[in-house]
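**Student:** Predicted model and sequence follow; I will ask about them next.
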Amino acid sequence: MLPHGHAWFHLILNSRGSWNHGDPRGFRSRKHRIHSSGDYKSPPPVGEHSGLLRYRLQQSQDAVRFSRALMETLCKSLLSRFNDDGCVVLAIAGVTNHVHLLQSLPCDLELSRKIIGRAKGAASRAVSRIFPGKVWAQGHHVERIKDRDHQRSTFAYILRHDGPNSWRWSFRDG
């Protein structure tokens, strides 16, 4: 059941340093001030923006990567916090450096940003003994689910995430 004033969304949260400007998979900066000619499906030419990537890597801390145990802690913390804020989570999958969620969020974008920020903060605190400092990349990617078929395909996509450090959960798991 979808809470009043909510819609379904696919939310992606990246760990700090997981996708820098100049990344060979393609990138875009905020408001597209700088962007590559490709994306992860169709990568840009080799070496495009390589100087920018070197600079960004020198300026930033090491990329944050999670073990399976830490990913489980992060995901359970996110799940708990979103539930506390009245958001329904249908599926969540975390891998080494990012998390996917299929969930309800308020249609009010400002309120949604606050809820997402609180959840990221709660997850960061849950692993703060092992990862003191910043865990998450700035911002997040959120895509509104268009219809029932889009919801089903997103649900299946999220639960296909697998790997040695992955952790998955769906509403079917209780």
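**Tutor:** Perfect, thanks for sending it.
**Student:** State the next helix or strand along the chain beyond the helix or strand of the chain with the lowest mean pLDDT.
**Tutor:** Ranked by mean pLDDT, DSSP states H and E, the helix or strand of the chain with the weakest confidence is helix 50-59, at a mean of 55. Using DSSP states H and E, the helix or strand that directly follows helix 50-59 along the chain is helix 68-84.
**Student:** Can you give the distance of that next one from its chain's centre?
**Tutor:** What separates the centre of helix 68-84 from the centre of its chain is 12 Å, taken as C-alpha atoms, centre = their mean, to the nearest Å.
**Student:** which of the residues in it are buried?
**Tutor:** Neighbour-count burial for helix 68-84 flags 70-79, 81-82 (criterion: 16 or more other C-beta atoms under 10 Å). Quick note: C-beta positions are derived from backbone N, CA and C, even for glycine.
**Student:** quick one: average confidence on it?
**Tutor:** Averaging pLDDT along helix 68-84 yields 93.
**Student:** Provide the strand pairings for the helix or strand following it, with the direction of each partner.
**Tutor:** Using DSSP H and E, the helix or strand that follows helix 68-84 in sequence is strand 89-95. Using DSSP bridges, strand 89-95 pairs in its sheet with strand 98-106 (antiparallel), strand 167-170 (antiparallel).
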